[in-house]
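1. Below are the sequence and a predicted model; questions follow.
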Amino acid sequence: MNLQGYELFQARAEAVSAVVLPVASLAAAGQEVLRIAKELNANGVYADTQDILEKTGFRQLLADTQIPVLDQLDRQALAKTDLGFTFAPGGIAETGSLVSTDSILGRMISMLVPYHIALVRKNTIRETVPDAMEAMMKENNGLPSYFSFITGPSRTSDIERVLSIGVHGPSKLFILVVEGDH
Amino acid sequence: MENQQFNEMFKSRVQKALSDQVLRGALGRFADAYLPARAKAYEGIDFEELRGTIACRKAYAGEHLDELIDTFTQSATKMGAKVFYANTGEDANRYIAQLAKEKGVKRIIKSKSMASEEIHLNKHLLQEGIPVVKETDLGEWILQVAGQTPSHMVMPAIHLNKEQCAAFFTKELGRNIDPDIPLMVQEARQELREHFLQADMGISGANMAVAETGSIALVTNEGNGRLVSSLPKIHVALVGLEKIIEKLSDAYPIIKALPKSATAQIITSYVTFVTGPTPTEVNGQIEDKELHIILMDNGRRQMLTDPIFKDAWQCIRCASCLNVCPSYQMVGGQVFGHIYAGGIGVILTYFFNEMLNAKNPQALCLGCGRCDEVCPGKIPISKLILEVRRRLAQREGIGFLPKAILHGVVSNRKLMHGLLRIGAVAQLPVTFGKPLIRHLPFFFSDITKNMSLPAVAPTPLRDWAKEHEKH
């Protein structure tokens, strides 16, 4: 298996049960959010307040459904909501990871909701961990005060070494990979 | 004789572990699965090169420890963290208890920290009347309910089967829980959720502490590490001095090796770097947090300044030495360990806890060296265990009879060979002329209960070889 770049990213992410969904544009990403929310019959979508997420038009799409969009800082409300939507400023091909540099709202979304949709641009997926770190530090002008590499949903093998997906973090991770620049 | 009692108690614990079918099953299955899974994770990676780098960079950090402690303290403090240097475990316990009392902390959540087990933090907090300390790592939570100690550094509850786990869940939750693993995981998630949301203090460990940036890194899978370090207003990180590395780039080889060696994963679900306190949400508002980083010695400096044991500084706490150890596979970490288990556990116990706590575990080491081969820190673990053995023997003695035999007989060549020649003849009543002794009589019968002994050869190999050398 001599993959690299996006193909390696997809292979590695899928190997740890992430759902990788390539989309042609931000608008297409918005459609995916709508589709997933409807399929899961989500009781709400908690979204981080990021320009790039707004550009997907997901709010308007969801407005036509009964599914509310939330973004207030309220941990109890977060803990009750099914679906979350955040932005990942980068990815790592060798591990199938997303780079997360979120503020507290974004972090709480990616930690508390059981279903997590993360949007990443294909051209921000770097090859290795050091590559991704370098890119992240350039973009942030230094080290963000809290960042994570997120690889697949949460998991444990603590009982009988049987793999269980979905412990305290999300049980399912959808990765919307946006091609192109819009 | 106290020594005798000590030995007898240990022997019976070994026997108990050997006859524990659940434990043997779990450990056996793990041992079979580990090496192939590890090989797959390391596919395409030069392990020797990787561990050479890790050993080198960790050793560097050890050699420059004081300088790096200063750098880390400065960097972290500049970012707004409070750094406390704890000479002993008691110092660390006291700091945390005092902090909790000062801030009126009512609920504490903890993610996995071997250092906190080492210093019996939970017990101390309980004694100080600090209410509700909840372990959030699934294995640790189960053990907290069960009142047991971990049997493995990375998978602490590996010795329990799902039926036993279900019984503990039932007891804790007060309703019947089926031995269904996905169900139990969901129950744990639900049960601990309120604690995550309400806790006013989170205590974590750290896998690395980067001096150049003042950051701590957490390598986790369950998501509890991220919650513990994000939601509560106060985050306390308990960090052993050996976690300190010089720069961010030193973290990469460790991030590469730790998941692969520990659990045969390419990477864990979450690798998190915390640099200074980050704001959290309190009642709908963004508020500043407090971040307290405790750098703890508790015997680490003593290990580092020991010319033989300084290599142990290179440990990244992956537990692969346990995973390949034949003795560990037979009895698990509650017998082959004292808080820290397995090969590296012997060494850490010798320095961080009481020297004598290492006495029983070290006796189980066969010196096979499998641990040396897989250690990503390139630590000569089997050699270090032998040194622990030697020092303990020097201090404690090895008993009159063994000493008499070893010094008086075995090291006296002529006497030893003479006795063996007599034995070759005198053994006839138990060998019946065969090469194996299947049954020894009377009070020796226990020895041959589960195994046969080789008989003394009629002609010693050295004589036979001399004979045949001529041709």
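-> That came through, no problem. All values derive from a computational prediction rather than experimental measurement.
2. A:K38: what's it in contact with?
-> A:T65, A:I67 (Cβ atoms under 8 Å, 6 or more residues apart in numbering or on different chains). Glycine gets a C-beta too; all of them are placed from N, C-alpha and C.
3. Local confidence estimate at it?
-> pLDDT, A:K38: 97.
4. List the buried residues in stretch B:446-456.
-> Buried residues in stretch B:446-456, counted by 16 or more other Cβ atoms under 10 Å in any protein chain shown: B:T448, B:L453, B:A455, B:V456.
5. Spell out the residue ranges of the helices in the stretch 151-300 of chain B.
-> B:162-173, B:181-198, B:224-228, B:251-263, B:300-304 (DSSP state H, counting those that start in this stretch).
6. returning to what we had before: adding pLDDT, distance to B:N176 and secondary structure, write the buried residues of stretch B:446-456 out as CSV.
-> As requested, the buried residues of stretch B:446-456 are exported to CSV (pLDDT from 0 to 100; distance: Cβ to Cβ, whole Å; DSSP: H, G, I helix; E, B strand; the rest coil):
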residue, pLDDT, distance to B:N176, secondary structure
B:T448, 79, 48, coil
B:L453, 86, 51, strand
B:A455, 86, 58, coil
B:V456, 87, 61, coil
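7. Those into TSV, with extra columns for distance to B:R317?
-> Output for the buried residues of stretch B:446-456, formatted as TSV (distance: Cβ to Cβ, whole Å):
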residue	distance to B:R317
B:T448	41
B:L453	40
B:A455	46
B:V456	46
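8. Out of these, which two are the most distant from each other?
-> Farthest-apart pair in those is B:T448 and B:V456; separation 15.0 Å (Cβ to Cβ).
9. List the buried residues in whatever helix or strand A:A135 lives in.
-> Following DSSP states H and E, one finds A:A135 within helix A:129-140. The neighbour-count check on helix A:129-140 (16+ other Cβ under 10 Å) flags A:V129, A:P130, A:A132, A:M133, A:A135, A:M136 as buried.
10. now the closest residue to B:D288 other than its chain neighbours: how far from B:K289?
-> In space, and not counting its chain neighbours, B:D288 is closest to B:P279: 5.5 Å by Cβ to Cβ, 6 or more residues apart in numbering or on different chains. Using Cβ to Cβ, to the nearest Å, B:P279 is found at 6 Å from B:K289.
11. if you count what's nearby, which of those two comes out ahead?
-> B:K289 (21 against 16; other Cβ atoms under 10 Å in any protein chain shown).
12. contacting residues around the residue nearest to the more buried one when sequence neighbours are not counted?
-> Using Cβ to Cβ, 6+ apart and skipping residues adjacent in sequence, the residue nearest B:K289 is B:P277, 4.3 Å away. For B:P277, the contact set (Cβ under 8 Å, 6+ apart) comprises A:S145, B:M79, B:G80, B:A81, B:H235, B:D288, B:K289, B:E290, B:L291.
13. Lowest pLDDT pick from the residues you listed?
-> The minimum pLDDT among those falls on B:D288, with 90.
14. so how far is B:A157 from whatever residue of the stretch 51-200 of chain B ends up closest to chain A?
-> Nearest to chain A in the stretch 51-200 of chain B, going by Cβ to the nearest Cβ, is B:G139, at a distance of 3.6 Å. Distance check for B:G139 against B:A157: by Cβ to Cβ, it reads 4 Å.
15. just checking, what's the longest helix in chain A?
-> helix A:26-39 (DSSP state H).
16. Can you list the strands that the next helix or strand after that one pairs with?
-> Toward the C-terminus, helix A:26-39 is succeeded by strand A:45-47 as the next helix or strand (DSSP H and E). Strand A:45-47 has the following sheet partners, assigned by DSSP bridges: strand A:69-70 (parallel), strand A:83-87 (parallel).
17. Deepest-packed of those, please.
-> Most buried of these, by mean neighbour count (mean count of other Cβ atoms under 10 Å in any protein chain shown): strand A:83-87, with a mean of 26.
18. tell me the mean pLDDT for that strand?
-> On average, strand A:83-87 scores 98.
19. Helices of chain A, start to end?
-> Going by DSSP H, chain A shows helices at A:5-15, A:26-39, A:51-54, A:58-63, A:75-80, A:104-112, A:129-140.
20. Mind listing what's buried along the longest helix of chain A?
-> Quick answer for helix A:26-39 (16+ other Cβ under 10 Å): A:L26, A:A28, A:A29, A:G30, A:Q31, A:E32, A:V33, A:L34, A:I36, A:A37.
21. Same check on stretch B:292-311?
-> For stretch B:292-311, burial by neighbour count (16+ other Cβ under 10 Å) applies to B:292-300, B:303-304, B:306, B:309, B:311.
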